[in-house]
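Q: no sequence for this one, just the structure:
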């Protein structure tokens with residue numbers, strides 16, 4: 001049942017990330033997103049099924065990478081920084097807003113029999129996955145927002161791993177020497193395999209969990 005609450009976030013979060021990337025790159029003079037059909041409001045253009053399944057299973061995943069060409073930027077390094085950091089910041093901001101939204105909804109709820117508003121934010125997020133279907137719209141929205149918060153924050157953290165096609169990899173290549181770039185390109189596939197294995201065995205979720213909880217705790221205190 002928890003997948004019903006997770007599905008909107010699993011689909012929308014990577015779409016938002018890649019869509020923002022396409023907009024930022026295009027705004028700086030890059031024709032590649034438009035040329036390859038990525039400058040569109042159609043969310044399925046950014047949908048990547050394997051990344052979607054990884055989000056459902058492990059809480060971390062990706063969308064279909066938007067192709068960019070830094071040669072068209074007026075300032076190449078500045079352009080790459082903006083193109084690959086703004087989507088991460090957007091995910092982080094949306095995650096924070098979603099946490100605040102859950103808090104605001106919870107403040108006005110009357111909990112049904114057998115359920116109560118937990119005294120600590122983490123209890124809500126921890127047990128949200130275990131709650132079965134409820135008919136009250138406020139509960140449904142709160143649970144959807146809880147997952148939307150988690151996946152957005154996870155997407156922002158996941159993007160900091162320097163493995164292609166994640167944002168940190170593009171930034172690393174932009175500011176590296178040619179010999180370092182050659183090594184990164186040579187080990188690209190093995191690094192991707194290692195990344196997938198680290199996801200599948202729970203290493204990455206466990207590694208980022210304390211940071212994710214810290215962001216949620218700080219966001220919770222904004223209300």
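A: Thanks, I have it. The model shown is predicted, which means the values in this text are computed figures rather than measured ones.

Q: Distance check, residue 180 against residue 164.
A: Residue 180 sits 14 Å away from residue 164, taking CB to CB, to the nearest Å as the criterion. Placement of C-beta: from N, CA and C, glycine included.

Q: Neighbour count: those two, which is higher?
A: A direct count of neighbours by other CB atoms under 10 Å for residue 180 and residue 164 places residue 164 higher, at 17 against 12.

Q: Tell me which stretches of this structure form strands.
A: In the chain, no segments count as strands under DSSP state E.

Q: now the helices: where do they sit in it?
A: With DSSP state H as the criterion, the chain has helices at 2-27, 32-35, 49-58, 76-107, 121-128, 137-158, 167-174, 178-186, 188-200, 203-220.

Q: which stretch in those is the model least sure about?
A: For those, the bottom mean pLDDT is recorded on helix 121-128, which sits at a mean of 51.

Q: if we can go back for a sec, can you put the helices of the chain in TSV and add distance to residue 41?
A: Converted to TSV, those look like this (distance: least, CB to CB, whole Å):
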stretch	distance to residue 41
helix 2-27	8
helix 32-35	13
helix 49-58	19
helix 76-107	16
helix 121-128	30
helix 137-158	19
helix 167-174	22
helix 178-186	33
helix 188-200	30
helix 203-220	28
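
Q: Looks like residue 3 contacts residue 55 (just checking).
A: No: using CB atoms under 8 Å, residue 3 is not in contact with residue 55; the gap is 10.7 Å.

Q: Looking at those two, which is more packed in?
A: The residue with more neighbours, out of residue 3 and residue 55 and counting by other CB under 10 Å, is residue 55; that gives 25 against 11.

Q: In space, what's closest to the more buried one - neighbours in sequence excluded?
A: Closest residue to residue 55 apart from its sequence neighbours, by CB to CB, 6 or more residues apart in numbering: residue 61 at 3.5 Å.

Q: Number of residues surrounding that neighbour?
A: Other residues within reach of residue 61 by the criterion other CB under 10 Å amount to 23.
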